[in-house]
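turn this into a structure:
(2 chains)
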2 protein chains.
Amino acid sequence: MDVDIGNALSSVASPGVSRDSLERLDERVALAHERIEAGRNADAHGYAALNLPERTDPDAVRAVADSLGDPEALVTVGIGGSALGAATITDALGAGLETAYLDNVDPAWIAERLGRLPLSETAVNVVSRSGTTAETLANFLVVREVFADAGVDWTERTVVTTGESGPLAELADRHDLSRLSVPEGVPGRFSALSPVGLLAAALADVDLEALLAGARAEAESLTESLFDCPAYAYGATAYALNCRGASINAMMPYAESLETYAEWFAQLWAESLGKDGLGATPVCALGATDQHSQLQLYRAGPRDKLVTFVVPSGRPELQIPDTEVDELAYLGGTDLGTLLDAEFAATEASLAAAGRPNVRIELDRVDAHGLGGLLYGMEAACVLVGELSGVNAFDQPAVEWGKRAARGLLGGGEFEEAGAIAGKTSLRVER
Amino acid sequence: MDVDIGNALSSVASPGVSRDSLERLDERVALAHERIEAGRNADAHGYAALNLPERTDPDAVRAVADSLGDPEALVTVGIGGSALGAATITDALGAGLETAYLDNVDPAWIAERLGRLPLSETAVNVVSRSGTTAETLANFLVVREVFADAGVDWTERTVVTTGESGPLAELADRHDLSRLSVPEGVPGRFSALSPVGLLAAALADVDLEALLAGARAEAESLTESLFDCPAYAYGATAYALNCRGASINAMMPYAESLETYAEWFAQLWAESLGKDGLGATPVCALGATDQHSQLQLYRAGPRDKLVTFVVPSGRPELQIPDTEVDELAYLGGTDLGTLLDAEFAATEASLAAAGRPNVRIELDRVDAHGLGGLLYGMEAACVLVGELSGVNAFDQPAVEWGKRAARGLLGGGEFEEAGAIAGKTSLRVER
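The predicted model follows:
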């Protein structure tokens, strides 16, 4: 990926960062890069994620995929990082496979979604590192029974993707299920380029080698200066803008197929950087759609946003037919992609004209190589922001309270957090 | 809908609003309510939207729907408020109809989506008040040709939803197409309860009367005190929190079927209130899914957020089967909805325990009556915030610059905005 940070400079935007400030920040980028390299060399927790492009064996993933035959559909039972990486890849590139990501425990939705699946042609991947995630395990118990009730043997079509031990590993052993490993030292939100993200991709005939090669090319571009490394240029700019008042980062790809990527980015950014009272809030947007929804706010609301565009240079051709209506004649004969590119250029310029900071991330195409590079580049950018901010990008301590409370409520043990729920302060207004 | 603002009080949260401050704010709510009522009585621009539950004639919409036969699928060609209201309703309640909302001009996506439709069983609704929205008109020209190429007569299955005049109205006359009217004085983002939102709902067999009755019940609850009116309680609390530093409003329904509702809310809030440097930034979240993505940030990041929960009391039953694995035994025999409700209670309490403000909006169920009330209640809340903030909630002037620039780029006339694009400041970092 290439990055253009021109519209985030203080000569254009407010908040904005001056070229001089970026030069000063670059000294800290060099130090951060040293720490990141040291972490990668030691395969240290979290940093290990940045080694996945070299470490992940696509053949091993494909072997498990092949053992499932050629299913029409894949149900992935997982939540958060156990689902979003895979979903990002198959939603962008996997049009040939029907995918269902059961990442919620809404009974109406689960029943409806499972009811639409061709069960005898459906494979299952259940993903949880610990093997204890309540939502995932509950859904898996439901899925298992739905298959059994339909007379379809779930054991021969189920893959378990988990850590070395835990209830899921135990279940896999008991039923002799296929296994894939969640790699050690890689938090879920950084696992898209591991087996966690790749099984669905393999079943959807995504070119795994190209995906990993795109990521490797980005890995090789990591260097000590933000002016020489697109991923660090993005991370450092986002950090500098956040320090200067851009408390919101709106991720706005101009490609419908990258809608899920924006959600993946939102998890990456929020869960890695949202701690110690710090962290920009990610917002998912989509060009051109959200020009008719969010742009008014981005251009004329508070000066608290960085807008990040992701734009592919190449798109398939789709001609707009000529029309008999004079007022629309200018549309006829052009291409839908040309219209979308014009909408992007106009939106980018309209923000700059209003002095609102934005960054452009360019991909050649939304293909396996481009997507691999984008995912890796954003992960590296996120790790850099963690270093610059002085937070640990690889833990998520604030979610534990709620997990204990929920478990206590459900009778899964004694947890004082569950008691706090009864003491809720209430001020009800009823119709 | 009922609203509980207890967790937004300053005794619980920071930022938070004290009971005393709410009492003082209530005097301004009374004045705002007077202006809103005067606007409604005069059917003034924008305020007219709050009269839709009484004005919209469901029979007229159903008559047009019936004239389309009983299609398997509906393609809605529209963007922003021309799509999101209808999509919110059919995604929540319309499981029986295949719907495609062409709200983007990405050529890869448009080709793929149209390719999957059963064209001879598909109806088309093209929606644009002005009849000039470039994205919508371009897509309609493409759709028309795809039908023609497949030998399917598009004229007998196309509804045009537009204003009194304009290119689309002209096209409808020329081809003798069915027409529905975008009501006067109702901005697109407020038009869900008009024919704009209801045609798709009618084709999906949604109970239009119940939807409008739910909205009417909410309309009847509008009164001069926030302590007696759920919609105003929500709007006033969101306003007060925004003034006290909650620059972000995360809308987090605990119902998968309300995912699109959150996007609808995001447009309503952003485009209505994001002006004059004001306006909270809406963020779409989803419970329980985003507990594993955004919750870390919401609980431990900057104190700049209000989290708005929407929670139905009733859910369909879906038992979690018993399991042979000891560590998961606590899940067996409970219900998936019980798990989701526990996740909600735990998340709400975990934010309160960390002093993070949140509001709970309660619905009986996600059904037509409940959804009608929710949509109306949020619109009324939004209008109230507009009054309290002193902005015009019904225009969107900041998007015009980009529209002119794009039109200029495409050769649709001379616009100086198009020229600004060439002058972009660039600072490129390449791999």
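
CA atoms for contacts and neighbours, from now on please.
Will do.

isn't there a strand covering residue A:124?
Yes. The assignment for residue A:124 by DSSP: H, G, I helix; E, B strand; the rest coil puts it in a strand.

what sits against it?
Counting by CA atoms under 8 Å, 6 or more residues apart in numbering or on different chains, residue A:124 touches A:74, A:75, A:76, A:77, A:154, A:157, A:158, A:159.

and the third one, how close does it get to chain B?
From residue A:76 across to chain B, the span is 14 Å (CA to the nearest CA, to the nearest Å).

would you agree that residue is in contact with residue A:84?
No. Counting by CA atoms under 8 Å, residue A:76 does not reach residue A:84; the two are 10.2 Å apart.

for the one helix or strand residue A:22 maps to, the averaged confidence score.
Assigned by DSSP states H and E, residue A:22 belongs to helix A:19-41. Averaged over helix A:19-41, pLDDT sits at 98.

just checking, what packs against the next helix or strand after it?
Per DSSP H and E, the first helix or strand lying C-terminal to helix A:19-41 is helix A:52-55. For helix A:52-55, the packing partners by 3 or more CA pairs under 8 Å, 6 or more residues apart in numbering or on different chains; DSSP states H and E come out as helix A:208-220.

do the helix it packs on and chain B meet at all?
Yes. Against chain B, helix A:208-220 shows contacts by CA under 8 Å from any CA of the partner chain at residue A:218.

what lies in contact with the next helix-or-strand element following that helix?
Downstream of helix A:208-220, the next assigned helix or strand under DSSP H and E is helix A:230-243. With CA under 8 Å, 6+ apart as the test, helix A:230-243 has contacts from A:1-3, A:5, A:8, A:15-17, A:22, A:25, A:29, A:218, A:221-222, A:225-227, A:248-249, A:279-280, A:306, A:359, A:377-378, A:380-382, A:384-385, A:388-389, B:429-431.

same thing with stretch A:410-424?
A:401-402, A:404-409, B:6-7, B:330-331, B:339, B:342, B:345-346, B:349, B:353.

the residues you listed in helices, which ones?
A:401-402, A:404-409, B:339, B:342, B:345-346, B:349, B:353 (DSSP state H).

ok, which pair from these is furthest apart?
Greatest spatial distance among these (CA to CA): B:339 and B:353, at 20.6 Å.

so which residues of the stretch 1-150 of chain A form strands?
A:2-4, A:73-77, A:98-102, A:122-128 (DSSP state E, counting those that start in this stretch).

any chance of the ones you listed in CSV, plus mean pLDDT?
Formatted as CSV, those follow (pLDDT from 0 to 100):
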stretch, mean pLDDT
strand A:2-4, 98
strand A:73-77, 98
strand A:98-102, 98
strand A:122-128, 98
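
contacts only, for residue A:145.
Counting by CA under 8 Å, 6+ apart, residue A:145 has contacts residue B:321.

coming back round to it: looking at residue B:339 and residue B:353, which one has more neighbours?
residue B:339 (24 against 20; other CA atoms under 10 Å in any protein chain shown).

just the pLDDT for that one.
97.

again, but for residue A:326
86.

with the one 3 residues further on instead?
For residue A:329, the model assigns a pLDDT of 90.

give me the neighbour count for the closest residue in space to it that isn't next to it in sequence.
Spatial nearest neighbour of residue A:329, excluding adjacent residues (CA to CA, 6 or more residues apart in numbering or on different chains): residue A:323 at 6.0 Å. Look at residue A:323: counted by other CA under 10 Å, it has 17 neighbours.

with residue A:216 instead?
Neighbour tally, residue A:216, other CA under 10 Å: 21.

same thing with the one 4 residues further on?
Neighbours of residue A:220 under the rule other CA under 10 Å: 10.

chain neighbours aside, what residue packs nearest to the residue sitting nearest the centre point of chain A?
Within chain A, the residue whose C-alpha comes closest to the C-alpha centroid is residue A:264; the distance, by CA atoms, centre = their mean, is 1.6 Å. Excluding the flanking residues, the one nearest residue A:264 by CA to CA, 6+ apart is residue A:84, at 5.5 Å.

so the one you found touches residue A:263, yeah?
Yes. Using CA under 8 Å, residue A:84 is in contact with residue A:263, at 7.5 Å.

out of these two, name the residue with the larger neighbour count.
residue A:84 (29 against 24).

mind listing what that one touches?
Here residue A:84 is in contact with A:189, A:192, A:260, A:263, A:264 (CA under 8 Å, 6+ apart).

repeat that with 10 Å
Residue A:84 is in contact with A:78, A:90, A:101, A:103, A:188-189, A:191-192, A:196-197, A:260-265, A:267-268, B:293, counting by CA atoms under 10 Å, 6 or more residues apart in numbering or on different chains.

please report how far it lies from residue B:290.
11 Å (CA to CA, to the nearest Å).

any common contacting residues for the two?
A:103, A:263, A:267.

excluding chain neighbours, give the residue nearest to the residue in the stretch 51-200 of chain A that chain B sits nearest to in space.
Chain B sits closest to residue A:80 of the stretch 51-200 of chain A, with a gap of 4.8 Å, by CA to the nearest CA. Using CA to CA, 6+ apart and skipping residues adjacent in sequence, the residue nearest residue A:80 is residue B:292, 4.8 Å away.

that neighbour and residue A:396 touch, don't they?
Yes. Counting by CA atoms under 10 Å, residue A:396 is a contact partner of residue B:292 at 9.3 Å.

quick check: neighbours shared by the two?
Shared contacts of residue B:292 and residue A:396, counting by CA under 10 Å, 6+ apart, come down to residue A:271.

contacts only, for residue A:165.
A:129, A:130, A:131.

of these - the most surrounded one?
For the contacts of residue A:165, neighbours tallied by other CA under 10 Å; top is residue A:129, 27 neighbours.

any idea what the closest residue in space to that one that isn't next to it in sequence is bridged to?
Of all residues not flanking residue A:129 in the chain, residue A:162 sits nearest, at 4.3 Å (CA to CA, 6+ apart). Residue A:162 has the following beta-bridge partners by DSSP bridges: residue A:128, residue A:181.

how about residue A:158, phi and psi?
phi -110, psi 130 (degrees, to the nearest 10).

let me see the contact set for it.
A:68, A:74-76, A:122-126, A:144, A:172, A:175-179.

let's go with 8 Å and repeat that
A:123, A:124, A:125, A:126, A:177, A:178.

swap in residue A:279?
Residue A:279 sits next to A:242, A:247, A:269, A:270, A:273, B:297, B:301, B:302 when contact means CA under 8 Å, 6+ apart.

the residues you listed into a markdown table, with extra columns for distance to residue A:109 and secondary structure?
Shown next, in a markdown table, are the contacts of residue A:279 (distance: CA to CA, whole Å; DSSP: H, G, I helix; E, B strand; the rest coil):
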| residue | distance to residue A:109 | secondary structure |
| --- | --- | --- |
| A:242 | 37 | helix |
| A:247 | 34 | coil |
| A:269 | 28 | helix |
| A:270 | 26 | helix |
| A:273 | 31 | helix |
| B:297 | 27 | helix |
| B:301 | 31 | coil |
| B:302 | 33 | coil |
